[in-house]
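Chemist: Compute the structure for the input listed below.
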Amino acid sequence: MRVTSSSTQGANEPEPTDGLKAFGAALKSFRKRAGFTQESLAPEIGYSTHFLASVEQGRRFPPARFVDRCEAALDAFGTLRLMVHQLSRQRGLASWFRRWAQLEQEALTLNTYECRLMPGLLQTEAYVRTLFGARVPPLSDEELEAQVAARLERQQLLRDRPNTDFSFIIEEHVFLRRTGGAETTRGLIDHTLEMTASRNVELQIMPLKRDVHSGLDGPIQLLETPDNKWFGYCEGQENGQFIADPKVISTLQMRYAKLRTQALTPEDSADLLERLRGVQ
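Modeler: So this is what the prediction gives:
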């Protein structure tokens, strides 16, 4: 089975997810417990009744200031802050990527081939801000911060999953592009070398010149779950494709295996990055 998801609404607009609905229900419960109506609480926290109602219905994402004022007015024991923190981890992720991000949390094996930009798990904050700061159409400051926070939160995987086998194959030109400028690129190389020094993280660079290349059809992501099932993921500009079809997975695994033989060894890849760092 191949499952394809695409964004049918603005990627920056919160969807009426179970998480948003749960937050809204909790807010409503605390409001009633404190003896407020929507009309009486709204001026107390400095927001309109309409905005408050939208949050309670799960149709609006609660901003930090809103949550802080509700906590103070309703004496919510920090519950609302905790809930919105969990929501924020998903808010900056595109809707079509969330299923894959959830599987990443427990993956036994995670293989990534990337030819366009640095894989999200290896990006630095400066690099992330460059990417989202150049987004077209432009993001608001709040949207940009949500995207950055979600990306950096996801990177904890490399630190929190010492028993997961991570493999990255990245095209050399991703570093040569110098996205964000020389300083950002040097920081990116340093960060990449640091993160891939762990025994469970392997990095291979695909050099610019290769007579045979098995990844010309585009990026590949593969993961193995704790029950030893394999899934794949491919992403376009405004959509993503979650892949569960065993035949397609087998094809992607064969391609990834070939890429490993065509890319530089981990040792030679590290040497190349050291040289590239010196010329930035």
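Chemist: What ranges does the stretch 151-280 of the chain have for its helices?
Modeler: With helices called from DSSP state H, counting those that start in this stretch, the stretch 151-280 of the chain shows them at 157-160, 173-176, 182-195, 246-262, 266-278.
Chemist: now for these, which one comes closest to Cys115?
Modeler: Nearest of those to Cys115, taken as Cβ to Cβ: helix 173-176 at 7.4 Å. The C-beta positions use only the backbone N, C-alpha and C, and glycine is treated the same way.
Chemist: which residues sit against that closest one?
Modeler: Residues outside helix 173-176 that contact it (Cβ atoms under 8 Å, 6 or more residues apart in numbering) are Glu114, Cys115, Arg116, Leu117, Met118, Thr185, Leu188, Ile189, Leu208, Leu273, Leu276.
Chemist: do that again at 10 Å, thanks
Modeler: Helix 173-176 has contacts (Cβ atoms under 10 Å, 6 or more residues apart in numbering) with 114-119, 185, 188-189, 192, 205-208, 272-273, 276-277, 279-280.
Chemist: just the buried members of those residues?
Modeler: Buried residues within these, counting neighbours by 16 or more other Cβ atoms under 10 Å: 114-115, 118-119, 185, 188-189, 192, 205-206, 272-273, 276-277, 280.
Chemist: what sits against the residue nearest the centre of the chain?
Modeler: What sits nearest the mean C-alpha location of the chain, by Cα atoms, centre = their mean, is Arg151, with 4.4 Å. With contact set as Cβ under 10 Å, 6+ apart, Arg151 has these partners: Gly92, Leu93, Gly120, Leu121, Gln123, Glu125, Tyr127, Val128, Arg129, Leu131, Phe132.
Chemist: Next: Leu52.
Modeler: 24, 27-28, 31, 36-39, 41-42, 44-45, 60, 62, 66, 70.
Chemist: Go again with 6 Å.
Modeler: Listed by Cβ atoms under 6 Å, 6 or more residues apart in numbering, the contact set of Leu52 reads Gln38, Ala42.
Chemist: Next one, pLDDT for it please.
Modeler: Looking at Leu52, its pLDDT is 94.
Chemist: likewise Ser95?
Modeler: pLDDT recorded at Ser95 is 60.
Chemist: And the one 5 residues further on, by the same measure?
Modeler: The score at Trp100 is 84. That number is its pLDDT.
Chemist: next one: Leu82
Modeler: Leu82 is given a pLDDT of 88.
Chemist: Phi first, then psi, for it.
Modeler: phi -60, psi -40 (degrees, to the nearest 10).
Chemist: I'd like the distance between the residue nearest to Gly46 when sequence neighbours are not counted and Phe23.
Modeler: If the residues on either side of it in the chain are set aside, Gly46 comes closest to Arg69, at 6.3 Å by Cβ to Cβ, 6 or more residues apart in numbering. Relative to Phe23, Arg69 is positioned 15 Å away (Cβ to Cβ, to the nearest Å).
Chemist: Across the sheet, point out what pairs with Asn111.
Modeler: Per DSSP bridges, the residues bridged to Asn111 are Ser167, Leu222.
Chemist: what about it, neighbour count?
Modeler: 24 (other Cβ atoms under 10 Å).
Chemist: Might one say that it is in contact with Phe168?
Modeler: No: when contacts are counted by Cβ atoms under 6 Å, Asn111 is not listed as touching Phe168 (8.1 Å).
Chemist: what's near enough to touch Ser54?
Modeler: Taking Cβ under 6 Å, 6+ apart as the test, what Ser54 contacts is Arg60.
Chemist: element containing it, please.
Modeler: If you go by DSSP states H and E, Ser54 is part of helix 49-56.
Chemist: distance between the next helix or strand along the chain from that helix and the chain's centre?
Modeler: Using DSSP H and E, the helix or strand that directly follows helix 49-56 along the chain is helix 64-74. Distance, stretch centre to chain centre, for helix 64-74: 27 Å (Cα atoms, centre = their mean, to the nearest Å).
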